[in-house]
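[1] One predicted model, sequence on top.
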Amino acid sequence: MRYLISRRITQVGIIALYILAHVYGVKMLEGNLSSSVLFGSIPLSDPFAMMQMFFAGSIITMDVFIGALIITIFYGLLGGRMFCSWVCPMNIVTDAANLLRRKLGISAIQKRVYMSRNIRYWILGLSLVLSFLMGLTAFELVSPISILHRGLVFGMGFGFAVVLIIFFFDLLVHENGWCGYVCPLGGFYSLIGRYSLLRVEHDAEKCTECMECKVVCPEKEVLFMIGKSSEMVKMGACTNCARCIEVCEDDALNFSIRNYIK
């Protein structure tokens, strides 16, 4: 549970820093997940939000560009979708839905609701097209991530209904439906993290093929090597949540640094 506890501390801690800045003026981290300032001087910007601004015809200021570059490099090294499991507040909501489903033995109807994981990339592209046509940052207007973050920091209003919809969607309709299939921000970060250094590595000699890792993994296809070979996760879709590492009693899965020389 060490990684799960670390993720929750990180997620709650980031929200707490935003609240401290807004309520008490302790400006270690101020702004929101789309555009922030760290320690009053370091800009941090969501590169996907910046792309929407660019397509919408907005002027990209230097601080926004630098902030987006910092975030791109950071997640490019650590794994883009690490944002999803270590920072994004919606992850707590969807994890809660998955936990409740397992505890209550609820069976989602996903076998009758086919969804391709490529949907998130189509929505990503559509967000940019709509931003261009509307002159607005299309996804940012309706993003449940932004809605939840603003609600936690500034007070939750009707946006709570959006959060509930996603919770029940993941609980009753499709396991990991929002994060794994729909969210364009997750799709964007999976592209950023495609060649990241930090990876989960599998040791086939230790593996007993119990498949517990695939039960808990939110992106099961990234563990393609289980039962086959010793190698690292290659796909950018991996969230580096370390669930697979935590449940592996064989110690066959661990974090490692990608070797590009091989």
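    Received, thanks.
[2] all contacts plus neighbour counts: C-alpha atoms, from now on.
    Noted.
[3] for the residue nearest to Leu253 when sequence neighbours are not counted, phi and psi?
    In space, and not counting its chain neighbours, Leu253 is closest to His202: 4.8 Å by CA to CA, 6 or more residues apart in numbering. Backbone torsions of His202, given as degrees, to the nearest 10, read phi -110, psi 130.
[4] Number of residues surrounding His202?
    A count of nearby residues for His202, using other CA atoms under 10 Å, gives 25.
[5] just Glu205 next, same as before
    Neighbour tally, Glu205, other CA under 10 Å: 11.
[6] Confirm that it sits in a strand.
    No: according to DSSP: H, G, I helix; E, B strand; the rest coil, Glu205 belongs to no strand; its state is coil.
[7] ok, it - contacts?
    Ser230, Ala252 (CA atoms under 8 Å, 6 or more residues apart in numbering).
[8] May I have the residues that are in contact with the most centrally placed residue in the chain?
    With distances taken as CA atoms, centre = their mean, Cys84 lies nearest the centre of the chain, 1.5 Å away. Shown in contact with Cys84 (CA under 8 Å, 6+ apart): Asn91, Cys179, Gly186, Thr239.
[9] with these in mind, which one is nearest to Val163?
    Lowest distance from Val163 to the contacts of Cys84 (CA to CA) belongs to Asn91, with 11.1 Å.
[10] State the helix or strand in which that closest one lies.
    If you go by DSSP states H and E, Asn91 is part of helix 90-104.
[11] So for that helix, what gets flagged as buried?
    The neighbour-count check on helix 90-104 (16 or more other CA atoms under 10 Å) flags Met90, Asn91, Ile92, Val93, Thr94, Asp95, Ala97, Asn98, Arg101 as buried.
[12] Including distance to Asp251 and pLDDT, could those residues go into TSV?
    Putting those into TSV (distance: CA to CA, whole Å; pLDDT from 0 to 100) gives the following:
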residue	distance to Asp251	pLDDT
Met90	29	95
Asn91	26	94
Ile92	26	94
Val93	29	94
Thr94	27	93
Asp95	24	92
Ala97	28	91
Asn98	25	87
Arg101	27	84
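[13] and those as CSV, adding distance to Leu4?
    Converted to CSV, those look like this (distance: CA to CA, whole Å):
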residue, distance to Leu4
Met90, 15
Asn91, 12
Ile92, 11
Val93, 14
Thr94, 14
Asp95, 11
Ala97, 16
Asn98, 14
Arg101, 18
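[14] Out of those residues, which is nearest to His149?
    For the buried residues of helix 90-104, the nearest to His149 is Met90 (8.6 Å; CA to CA).
[15] which residue packs closest to that closest one, ignoring adjacent ones?
    Nearest one to Met90, counting by CA to CA, 6+ apart, is Ile145 at 5.9 Å.
[16] and if you look at Pro218?
    Nearest non-adjacent residue to Pro218, counting by CA to CA, 6+ apart: Asn176, 6.4 Å away.
[17] And the one you found, how far from Ser6?
    21 Å (CA to CA, to the nearest Å).
[18] Looking at the two now, which is surrounded by more residues?
    Neighbours were counted for Asn176 and for Ser6 using other CA under 10 Å; Asn176 has more, 22 against 12.
[19] wait, that one sits on Cys217?
    No: using CA atoms under 8 Å, Asn176 makes no contact with Cys217, being 9.8 Å away.
[20] quick one: low-confidence ranges for the stretch 51-200 of the chain?
    The stretch 51-200 of the chain contains residues with pLDDT under 70 at 107-113.
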